[in-house]
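In: missing the sequence, but the structure's below:
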């Protein structure tokens, strides 16, 4: 229930942000132009009325006619007056690039941008609703939505960027009769970058790929397993996989998407089997899992995923690219809202596919076999996650082999007898790389075979009499190679996390921090430089002392025609508020962006380190 509330709260938040991103700038533009045009009409009519009433050569009737004419020919109507009789009125008031010309077109652009935004919301809702109908319509609606949403979002960015530049000039020009060239220039640069980024990203070939960690399992290495999979495929009434990949991930899956294994590109039907899981499942339990995966092939699930998956990846990459392009944030939330609605349809379909595959597996083997396999896979996954989390939380470097596989194998049975295990299994879901699987308890009810929670431990601790892992002659060698590679990556990631954790307190810790955060020096010319290290920042150009990161409360970059500067706000007070230090950046030139990135990264490291120290101190305090 808590997860559901979080999802719905996130949906509402994204919906509100979508409304703001689509309608805020055009609404402000529309309100401002309408106000300005109405105000101009009112002022002009008052002036003209005063002049007409003051005219002594006009009769009262003529004055009334003149006032009526100007009342029906307001200045705001000039640009829209296209009749032959209004040509003089139009040309005089609405000459190109006059104030009324600008305001007229800005008002129309804002109005139609609002209409476009509303149309996009409706379209996203309709396409999202179609995704719930069936698999064919879901694919068609997403292809249509992908093309429409990406192109229209680029149009939205272009229109709203132009409006922002226009507002940056006319707001100050209208109300204060002056404009600020820096403000207009800044808005212009932001708008130009946003438009370029939106269009560039629209046509940019975004990275894609589907790399699977594992090794190809030849028929010669596991002839009986290959035969069994072919038998099960025949009973499911589907073609067997073209290749089997053996790995150490804690799941089984099938895919028809192109993939890469050990640098080799593969196409066709691929079945992934986990050797560690095959060791804890007996052959009947493993058969149930294999039948489940083959049912996905037979049901067209993998074919659908292969067609839709790459497009989802491309759409997701484009959506998050739009978040990092400044004003392109205008497009990000619309795309994100559409993706969230579509994801609800995918999640519902995913659950139904899992239920169907489970029923097929239960029919071909036994309900008991599929349920016991789910319990064992969930238990293994939960305990492996626990082992890896504890290893990652250690504050010492890992050297040599970590022995994760051994820790899991030795500790799984004691874990299954613990109270922690029962608690973890109450919300357990079988892991899968492509789908969101239903909770374990629901999957049991789906095959009409429920197991009491106090029986889970006995199922997990039952030693299988025979396993399919025993039939893979290369199983041990494959595991050894894959675990070795995995543990090296694990240790490297852990070491990098320690670079954020250590203060450092000794030479060993200092060596780790320096490996990822070495001192960086930026040359300013004339024998002056700025040095950045994990300890702080020191600018020799200003002749000041080094500034420790513990002194830094905030960093502010200041742009100036006389040379950019960095303002450091300290925690202690000065005479007129917070004490500040100014670091001159003149001389950085093209190094400035790199300087900002390094400075931000090193300061962030220090903040994370201090926050972790405070968290550990709070945990250590007695209750």
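Out: That came through, no problem. Source: prediction; values computed, not measured.
In: got any ranges where the stretch 251-400 of the chain has weak pLDDT?
Out: Applying pLDDT under 70 to the stretch 251-400 of the chain flags the ranges 307, 309-310, 323-328.
In: point to the residue nearest the middle of the chain.
Out: residue 320 (5.2 Å; Cα atoms, centre = their mean).
In: mind checking which helix or strand that residue is in?
Out: helix 301-321 (DSSP states H and E).
In: buried residues, that helix. List them.
Out: 301-306, 308-309, 312-315, 318-319, 321 (16 or more other Cβ atoms under 10 Å). Heads up, the C-betas are built off the backbone N, CA and C, glycines and all.
In: how about stretch 123-133?
Out: Buried residues in stretch 123-133 (16+ other Cβ under 10 Å): 123, 124, 127, 128, 130, 131, 132.
In: following the strand or helix carrying residue 339, which helix or strand comes up?
Out: Residue 339 is part of helix 329-364 when elements are defined by DSSP H and E. Following helix 329-364 in sequence order, the next helix or strand is helix 367-393 (DSSP H and E).
In: packing partners for that next one?
Out: helix 275-280, helix 283-298, helix 329-364, helix 404-416, helix 419-425, helix 440-446, helix 456-461, helix 475-501 (3 or more Cβ pairs under 8 Å, 6 or more residues apart in numbering; DSSP states H and E).
In: list the contacts of the first one.
Out: Put plainly, it is helix 275-280. 246-248, 250-252, 286, 289, 376-377, 380, 405, 408-409, 412, 460, 464, 467-469, 472, 475, 478-479 (Cβ atoms under 8 Å, 6 or more residues apart in numbering).
In: for this protein, name the helix or strand with the lowest mean pLDDT.
Out: helix 181-203 (a mean of 53; mean pLDDT, DSSP states H and E).
In: for the following helix or strand past it, what is the average pLDDT?
Out: Moving toward the C-terminus from helix 181-203, the next helix or strand (DSSP H and E) is strand 215-216. Averaging pLDDT along strand 215-216 gives 95.
In: strand partners (parallel or antiparallel) of strand 215-216?
Out: With DSSP bridges as the test, strand 215-216 is paired with strand 243-247 (antiparallel).
In: downstream of the partner strand, the next helix or strand is which one?
Out: strand 253-255.
In: what's in contact with that next one?
Out: So strand 253-255 is contacted by 210, 241, 269-272, 293-294, 296-297, 302, 305-306, 432-434 (Cβ under 8 Å, 6+ apart).
In: can we see that at 10 Å?
Out: Under the criterion Cβ atoms under 10 Å, 6 or more residues apart in numbering, residues 210, 212, 241, 245, 266, 268-274, 290, 292-297, 301-303, 305-306, 309, 357, 431-435 lie in contact with strand 253-255.
In: list buried residues within those residues.
Out: Among the contacts of strand 253-255, those classed as buried by 16+ other Cβ under 10 Å are 210, 212, 241, 245, 266, 269-274, 290, 292-297, 301-303, 305-306, 309, 357, 431, 434-435.
In: off-centre distance for the lengthiest strand in the chain?
Out: Counting by DSSP state E, the longest strand found in the chain is strand 565-574. With Cα atoms, centre = their mean, to the nearest Å as the basis, strand 565-574 stands 34 Å off its chain's centre.
In: now stretch 501-513
Out: 33 Å.
In: other residues contacting that stretch?
Out: Contacts of stretch 501-513 (Cβ under 10 Å, 6+ apart): 393, 395-397, 494-500, 514, 533-535, 605-606, 608-610, 612-613, 616.
In: drop anything exposed from these.
Out: 494, 497, 498, 499, 500, 533, 534, 535, 605, 606, 609, 612.
In: ok, now which ones touch the first one?
Out: Which is residue 494. 388, 391, 392, 393, 394, 396, 397, 398, 402, 487, 501.
In: okay if I get these as a markdown table plus distance to residue 279?
Out: Shown next, in a markdown table, are those (distance: Cβ to Cβ, whole Å):
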| residue | distance to residue 279 |
| --- | --- |
| 388 | 18 |
| 391 | 21 |
| 392 | 24 |
| 393 | 27 |
| 394 | 26 |
| 396 | 30 |
| 397 | 30 |
| 398 | 24 |
| 402 | 19 |
| 487 | 18 |
| 501 | 35 |
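In: tell me the two of those residues that are most distant?
Out: Farthest-apart pair in the contacts of residue 494 is 487 and 501; separation 19.9 Å (Cβ to Cβ).
In: what sits against the residue nearest to residue 499 when sequence neighbours are not counted?
Out: Distances taken as Cβ to Cβ, 6 or more residues apart in numbering place residue 516 nearest to residue 499, at 4.0 Å, with adjacent residues excluded. Listed by Cβ under 10 Å, 6+ apart, the contact set of residue 516 reads 495, 496, 497, 498, 499, 500, 534, 601, 605.
In: so where does the last one fall, helix or strand?
Out: Read it as residue 605. helix 592-620.
In: just want the angle from that helix to strand 565-574.
Out: On the basis of axes from the mean of the first three to the mean of the last three Cα atoms, to 10 degrees, helix 592-620 is oriented at 30 degrees to strand 565-574.
In: which parts of helix 592-620 are buried?
Out: So helix 592-620, judged by 16+ other Cβ under 10 Å, has buried residues 595, 598, 599, 602, 603, 605, 606, 609, 612.
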